[in-house]
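Chemist: Curious how this folds, go ahead:
(2 chains)
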Protein chains: 2
Amino acid sequence: MFKFELKKEDQATKARLGLITTTHGQIKTPVFMPVGTLGTVKTLSPEDLCELGVEIILGNTYHLYLRPGMDVLKEFGGLHNFMQWDGPILTDSGGYQIFSLGTDYRENMPGNLVKIKEDGAEFTSHIDGSKHFFTPEGVIDYQLTIGSDIMMPLDFCPSAEADKKEIEKAVDVTSKWFKRAWEYYEQESKKIKNTGALFAIIQGGTHKDLREESFEDLNQFPVFGFAIGGVANAGESREKQREAVDATIPLIPKDKPRYLMGVGEPIGILEAVERGVDMFDSVMPTRIARNGAVWTSTGRINLRNAKYKFDKDPIEIGCGCKACQKFSKGYLHHLIKNNEILGMRLTTMHNVHFLIELMSRIRKSIEDGNFKEIKANFLKEFSKIKGSENRF
Amino acid sequence: MFKFELKKEDQATKARLGLITTTHGQIKTPVFMPVGTLGTVKTLSPEDLCELGVEIILGNTYHLYLRPGMDVLKEFGGLHNFMQWDGPILTDSGGYQIFSLGTDYRENMPGNLVKIKEDGAEFTSHIDGSKHFFTPEGVIDYQLTIGSDIMMPLDFCPSAEADKKEIEKAVDVTSKWFKRAWEYYEQESKKIKNTGALFAIIQGGTHKDLREESFEDLNQFPVFGFAIGGVANAGESREKQREAVDATIPLIPKDKPRYLMGVGEPIGILEAVERGVDMFDSVMPTRIARNGAVWTSTGRINLRNAKYKFDKDPIEIGCGCKACQKFSKGYLHHLIKNNEILGMRLTTMHNVHFLIELMSRIRKSIEDGNFKEIKANFLKEFSKIKGSENRF
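Modeler: Take a look at the predicted model:
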């Protein structure tokens, strides 16, 4: 089952409050979804995720297809059971991974790991060099095996440097693939109980006309939600992100959830919520954490920095996460510097807690009608730390 | 403060039940002490250790001296406060690390990283090649800074391949260093409140006469306990371990705790408990866990093995650890194979839980007067898994 309820719209901005209901539970939006690439949000257990207040996690179809493989997930009756996470799971389609791995997917380019064909994408595994072929139907099948609550269709993600012609082709291929994906999904839904909801992914880069074309193609089907694709590709600036979101959001009907794929840092989230986005994901919070970078209300710091060696304060005084409740920056500095797993785990907990708390504050501010004020205050505080340490 | 109470002696064997009291809490013996090399038992938090029933952990003076360094530990008021562990801590002296890092510590040998001098050991850091000098007095100082509840004196650990002449020299040097260590310790104890207890380390390899000589030298001082050194050096067989323990235990007065350094796998523990050993430590349970090797009642298995790919059972049915309560061997196989931190954490929890449970059963059997039977049953079961997987 899948239901989206629009609970409130902000007056001063396009921010909205919503509630998604899935077979595995409810999700208050705007929401941040931590990424569990290989059936685990790196360093955390499902119990940890619950304690952190995480309501939904993301899984990567591409990675799960390669490891542990569909045979294993079939045997275990899906990812929920395999990893022992009872909450909702959203899976991407693998499109992004396939194309971000393909150094250049254009015909006859050297180092090409991906080939676009009429009926899907051929790619080479980044693990063992084996060849694979993803079709729109196959990708639905994989996500049915995974047991995803929210599924994404196979899309063609152009690189960040693509010219308009490339992006036009991406829109065209994505639309053709989506038609096949939807038809297959509808057919399978009749056979399988509790099928997850299929979203559509709007492509078109920063081009308003292409975003419109993409949306019109996809909107012919009664999809459950819309994702904004091709925004978080490596190299995209925040300005380009804004342009792409601005060109897309007005197209999407209000009663459908809007998911900005691959964006998951505080400023990007706040700016997209203001523009009407409901859902976010990114590996960034957990990835930078493992490298010692953590967010505070005054900006980002890196615990590897020698200045924290003797620091007895927690990352943030008053923060309720397990790292801040007990440990000093000095201890975390020591752990991170020496690649101790406990350090990576504690910084991961802090960053996930930070974003979950931010989302909670965002939702409350929309409820209270002061989102714009809260956003401005946050951004003002968040830029207080000066220098290269505070990079976002 | 430090107190050892001998609670009960087994009739059929030399096994004993005891209770150690330190400033940071009590320890029921026989006890296994997980090793927290760098101020963390790898993958686990102090909270995890408490939940696992761990009563004391071990820290390595050598490693803590190099990282985070004594300046940091001084600033934080010791290791307990730095790592937020409120229970007892035992620290080794660094002797073992210095000599196991020195490829050959004999004069003028190539690749030599250690030089034995009259008043201490000069060594080269394995991290940055810097030169350091450990003296008997310095090592006491470091452990006073760490705030150890149980301290070890600097000793000379000959390699496993050493001939009798080498071991004789080791006994001699260890005794001379101990005299200086004890005198310095006594002097400092008068100045500092709640100084930890200093043990002595008996050397002598498998030679009864050298063990006796070593013991006699050390027993001139009212030490708090005796450690049996030079047993767990790489290359020592279980047979040699037994010989060394048999040559040493009868020397030690009953009212002093006996600590077998570096032994911490089930069979070695059972055999040494039978011979009258009270305390154990080893990195083995946590190190092999991170590589996927876990203990079960029928022997050791390695979760990397492809045969666990589809296995829905936990490592051990009925086991109360967090890994077994929730996760399948198939999922753990997947995590370990892909170097996921959650996998290493869960297998570590399992192995620590396994040993803590084993120690608890051992203590109960001594209490109940059936240790010999329990040991025989355990060993019979523990050899059931055949083949290379079950290596211990």
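
Chemist: okay, CA-based contacts and neighbour counts for the rest of this
Modeler: OK.

Chemist: If we look just around chain B, which residues of chain A are in range?
Modeler: Within reach of chain B by C-alpha under 8 Å from any C-alpha of the partner chain, chain A has these residues: A:40, A:42-45, A:67-68, A:72, A:75-76, A:82-84, A:309-310, A:312, A:326-328, A:331, A:334, A:340-342.

Chemist: Quick one: the strands in the stretch 251-392 of chain A, in order.
Modeler: Using DSSP state E, counting those that start in this stretch, the strands of the stretch 251-392 of chain A run over A:258-260, A:279-282, A:293-296, A:299-302.

Chemist: What helix or strand is A:Gly39 located in?
Modeler: Per DSSP states H and E: A:Gly39 is located in neither a helix nor a strand.

Chemist: burial measure for A:Ala376, as a count.
Modeler: Neighbours of A:Ala376 under the rule other C-alpha atoms under 10 Å in any protein chain shown: 12.

Chemist: so A:Lys115 is in which element?
Modeler: strand A:114-117.

Chemist: wait, isn't A:Asp155 in contact with A:Ile201?
Modeler: Yes - using C-alpha atoms under 8 Å, A:Asp155 is in contact with A:Ile201, at 7.0 Å.

Chemist: quick one: A:Arg242 and chain B, what's the gap?
Modeler: Using C-alpha to the nearest C-alpha, to the nearest Å, we find A:Arg242 at a distance of 35 Å from chain B.

Chemist: Which residue ranges make up the domains of chain A?
Modeler: A:2-282, A:291-382 (automatic domain parsing).

Chemist: Lowest average confidence across those domains, which one?
Modeler: Here the domains of chain A differ in mean pLDDT, and the lowest is domain A:2-282 at a mean of 93.

Chemist: chain center to that one: distance?
Modeler: 7 Å (C-alpha atoms, centre = their mean, to the nearest Å).

Chemist: ok, now which ones touch the residue of the stretch 1-150 of chain A found nearest chain B?
Modeler: Closest to chain B within the stretch 1-150 of chain A is A:Thr43: 5.0 Å, counting by C-alpha to the nearest C-alpha. By C-alpha atoms under 8 Å, 6 or more residues apart in numbering or on different chains, the contact set of A:Thr43 is A:Ile341, A:Met344, A:Arg345, A:Thr348, B:Glu340, B:Ile341, B:Leu342.

Chemist: Out of these, the closest to A:Gly94 would be?
Modeler: When the contacts of A:Thr43 are ranked by distance to A:Gly94 (C-alpha to C-alpha), B:Glu340 comes first, at 20.4 Å.

Chemist: which non-adjacent residue is nearest the closest one?
Modeler: A:Lys42 (6.7 Å; C-alpha to C-alpha, 6 or more residues apart in numbering or on different chains).

Chemist: Where does that neighbour sit: helix, strand or coil?
Modeler: Recorded secondary structure, A:Lys42: coil (DSSP: H, G, I helix; E, B strand; the rest coil).

Chemist: From chain B, how far out is A:Glu243?
Modeler: 37 Å.

Chemist: quick revisit: just the buried subset of the residues of chain A next to chain B, written out for ChimeraX, thanks.
Modeler: Buried residues within the residues of chain A next to chain B, by 16 or more other C-alpha atoms under 10 Å in any protein chain shown, are selected in ChimeraX with:
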select /A:40,42,43,44,45,67,68,72,76,82,83,84,309,310,327,328,331,334,340,341,342
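
Chemist: Sitting in helices, which of the residues of chain A next to chain B do you find?
Modeler: Among the residues of chain A next to chain B, the members falling in helices (DSSP state H) are A:Val72, A:Glu75, A:Phe82, A:Met83, A:Lys326, A:Tyr331, A:His334, A:Ile341, A:Leu342.

Chemist: Setting the sequence-adjacent residues aside, check what's closest to the last one.
Modeler: Spelled out, that is A:Leu342. B:Thr43 (5.0 Å).

Chemist: From chain B, how far off is A:Ala323?
Modeler: From A:Ala323 to chain B the distance is 10 Å (C-alpha to the nearest C-alpha).

Chemist: residues in contact with that residue?
Modeler: A:Pro314, A:Ile315, A:Leu346, A:Thr347, A:Met349, A:His350.
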